[in-house]
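A.B. asks: below are the sequence and a predicted model; questions follow.
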Amino acid sequence: KKEEIIRAYTHYVTDSELEEYGISKDDNCEKAHATKTGLQKLINELSDKGIRKCVLPKGTYRIDSEYNDVNGTQTVKNVINIPSNFILDLNGSILKQDTTPHKQSRALMFSIDNAYDAHVTNGIIEGDYGERDLTPLESGNPSGEQVGCGIIAGGSKYSSFDNLVVRKFSGYAMSVGLGINSDHAKSNWKELTDWKSIDIDDNGNEIDSCNKFTSDYNDLSAFEGIDTLRTGKYLGYQFSQDGDDWIVKYHFYDSNKNYLKTIVGHQYRPFVKPENAAYLRVTYISSDVTKLKSLYVYHMYTPVNCVIKDIAFEDTRTCALNPCQGNNILIENCTFINCSAIEEGGALGLSHNNMDVKNCKFINNTALKGAGIMIGGINHTGAIDGDNTHGHNITVDNCYFENNNATLEGGAVHISGDNNTVTNSQFYYNEAPEGGAVHITGDNATVIDSVFDDNLAHDGKGALRLRRAHRPDRRVREDAPLRQHHRYGPQEP
């Protein structure tokens, strides 16, 4: 029935309509801004009329990118946004990013932001990698390069990017994460204050400390019915570290301020609020309390039940696909070829929870860790020593990994989160000093019914490297059958 409705409310855009809205399909640099604004106007007006699907005439639509700069901090603006109950069908067209200005380090071409049942499909999305001057930027470093193509963001549901080619992007090419146009946070907006130079142990006792500060009690009544929270500056990014370390401790208390439990987490990452928690205190690692300003407790609205499907990612830098927020996200039938990152996750970085990666191929990708897939992605030992909630409950099923190369660990896959599974997958000719194919440090990891053949661990530490984590109760389960033929030993604990 839904398909019948969409067919009945499909609009095929004509060349005369393109002209009416000032849209060029001829790769016109001089009309890049007019093409972007014209496309947004066209989409909005069709949506207002009840149109469910817009099919563009085939061509090359070059669009520009705009940004705000406040005291050196850049944010994107005027991104083409796809509304609810709407499909943008590119009809085999190329949506081309105009060359980003020399001084600009953040850009996006389109978004699905806080939308229901919104989709972009059937075309080529091409960035400006190879055209712009990247000399002054830390290319591949999250703090220096954020020029990408699209994002599913905010409280979006049942939305997707599918049947696309995404190529030549120097920043995170495609993301699932926080909203850019909509209200997406809930909080009492009471700043964390009255810091004391103490830590709190696992029994709730206060301990004097020279490098930790703990806040006063923060009332959690504003978060009734909400399971996950986070702390940090409002709209802070994961590279905006507060204090001296990314690691944060969250201490929960009941309505009488009796101690309940402590959770170890990571700045800006969500943590689970216990059901009967009424108050929260937060401990940051810092040598100077003046570094702990404008910090809040809040809940972010993030995408749920969204899909990235049938996409070919080619020749990207920083990270091809980065679902950094969201729940129940499916990544299916995608290919990642010649994608790289200076840091972690050259092709795919999974730093949130409850995501499935199915029937995907990872070929010739490079990174520091996890050249194909990075699950978890926090390069701090304390971040995986406790009940933090990043990179957990992820399944990699029926995927193929070939010629991926990591300069440190996990040539194809690196797993630092907990309760993750790799199944029915194949690993050929992947390389890294440790864990030529797969490197695991998280708890309750399962590798099952997979083939490992001719993977290389330079330091002789296994094509499948199972490095025991930091707590005695952590275990890794390795299920047969595995066909293992390695240039160095099959695995080393």
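C.D. replies: It's in. Numbers count the residues shown, from 1 in each chain.

A.B. asks: buried sites along whichever helix in the chain runs longest?
C.D. replies: Secondary structure of the chain read by DSSP state H shows that its longest helix is helix 32-48. For helix 32-48, a neighbour-count test (16 or more other Cβ atoms under 10 Å) marks 32-40, 42-43, 46-47 as buried. (Each C-beta comes from the backbone N, C-alpha and C, glycine too.)

A.B. asks: so which of these is the closest to residue 129?
C.D. replies: residue 32 (17.0 Å; Cβ to Cβ).

A.B. asks: now for residue 202, how many residues are close by?
C.D. replies: Neighbour count for residue 202, taken as other Cβ atoms under 10 Å: 9.

A.B. asks: what about the stretch 51-200 of the chain, any weak spots by pLDDT?
C.D. replies: Low-confidence segments of the stretch 51-200 of the chain (pLDDT under 70): 72-74, 102-105, 133-147, 179, 181-183.

A.B. asks: got any ranges where the stretch 251-400 of the chain has weak pLDDT?
C.D. replies: 352-353, 377-392.

A.B. asks: could you redo the last one with a cut-off of 50?
C.D. replies: Filtered on pLDDT under 50, the stretch 251-400 of the chain yields the residue ranges 379-389.

A.B. asks: distance of residue 306 from residue 278?
C.D. replies: 33 Å (Cβ to Cβ, to the nearest Å).

A.B. asks: with residue 309 instead?
C.D. replies: From residue 309 over to residue 278 (counting by Cβ to Cβ), the distance is 42 Å.

A.B. asks: circling back to that earlier point, what is the longest helix of the chain packed up against?
C.D. replies: In terms of contacts (3 or more Cβ pairs under 8 Å, 6 or more residues apart in numbering; DSSP states H and E), helix 32-48 is packed against strand 53-55, strand 60-63, strand 80-81, strand 86-89.

A.B. asks: what about 7 Å?
C.D. replies: strand 60-63, strand 80-81, strand 86-89 (3 or more Cβ pairs under 7 Å, 6 or more residues apart in numbering; DSSP states H and E).

A.B. asks: for residue 439, which non-adjacent residue is spatially closest?
C.D. replies: In space, and not counting its chain neighbours, residue 439 is closest to residue 410: 3.5 Å by Cβ to Cβ, 6 or more residues apart in numbering.

A.B. asks: for residue 416, same thing?
C.D. replies: Closest to residue 416 by Cβ to Cβ, 6+ apart is residue 376, at 3.2 Å.

A.B. asks: that neighbour and residue 442 touch, don't they?
C.D. replies: Yes: counting by Cβ atoms under 7 Å, residue 376 does reach residue 442; the two are 6.3 Å apart.

A.B. asks: higher neighbour count, these two?
C.D. replies: Neighbour count, other Cβ under 10 Å: between residue 376 and residue 442, residue 376 has more, with 28 against 22.

A.B. asks: how close does that one sit to residue 342?
C.D. replies: Distance, residue 376 to residue 342, using Cβ to Cβ: 18 Å.

A.B. asks: check contacts around residue 100.
C.D. replies: Applying Cβ atoms under 7 Å, 6 or more residues apart in numbering, we find residue 100 in contact with 65, 107, 128, 132, 147.

A.B. asks: secondary structure class for it?
C.D. replies: The local conformation at residue 100, judged by DSSP: H, G, I helix; E, B strand; the rest coil, is coil.

A.B. asks: for it, what are phi and psi?
C.D. replies: For residue 100, the backbone dihedrals are phi -70, psi 140 (criterion: degrees, to the nearest 10).

A.B. asks: report the separation between it and residue 361.
C.D. replies: In terms of Cβ to Cβ, residue 100 sits 29 Å off from residue 361.

A.B. asks: can you check residue 176 too?
C.D. replies: Separation of residue 176 from residue 361 (Cβ to Cβ): 20 Å.

A.B. asks: compare these two and say which is more crowded by neighbours.
C.D. replies: Higher neighbour count among residue 176 and residue 361: residue 176, with 29 against 17, using other Cβ under 10 Å.

A.B. asks: name the nearest residue to the more buried one, ignoring sequence neighbours.
C.D. replies: Take residue 176 and drop its neighbours on the chain: the residue closest to it by Cβ to Cβ, 6+ apart is residue 323, 3.8 Å away.

A.B. asks: what's opposite residue 309 in the beta bridge?
C.D. replies: Legend: beta-bridge partners of residue 309 under DSSP bridges are residue 162, residue 332.

A.B. asks: quick one: contacts for it?
C.D. replies: By Cβ under 7 Å, 6+ apart, the contact set of residue 309 is 160, 162, 332-333.

A.B. asks: same check on residue 369?
C.D. replies: For residue 369, the contact set (Cβ under 7 Å, 6+ apart) comprises 344, 406, 408-410, 414.

A.B. asks: I'd like these as CSV, with neighbour count and secondary structure appended.
C.D. replies: CSV is the format used below for the contacts of residue 369 (neighbours: other Cβ atoms under 10 Å; DSSP: H, G, I helix; E, B strand; the rest coil):
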residue, neighbour count, secondary structure
344, 27, strand
406, 31, strand
408, 18, strand
409, 28, strand
410, 33, coil
414, 32, strand
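
A.B. asks: I'd like those written out as TSV, with distance to residue 207 added.
C.D. replies: Putting these into TSV (distance: Cβ to Cβ, whole Å) gives the following:
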residue	distance to residue 207
344	33
406	39
408	35
409	34
410	36
414	34
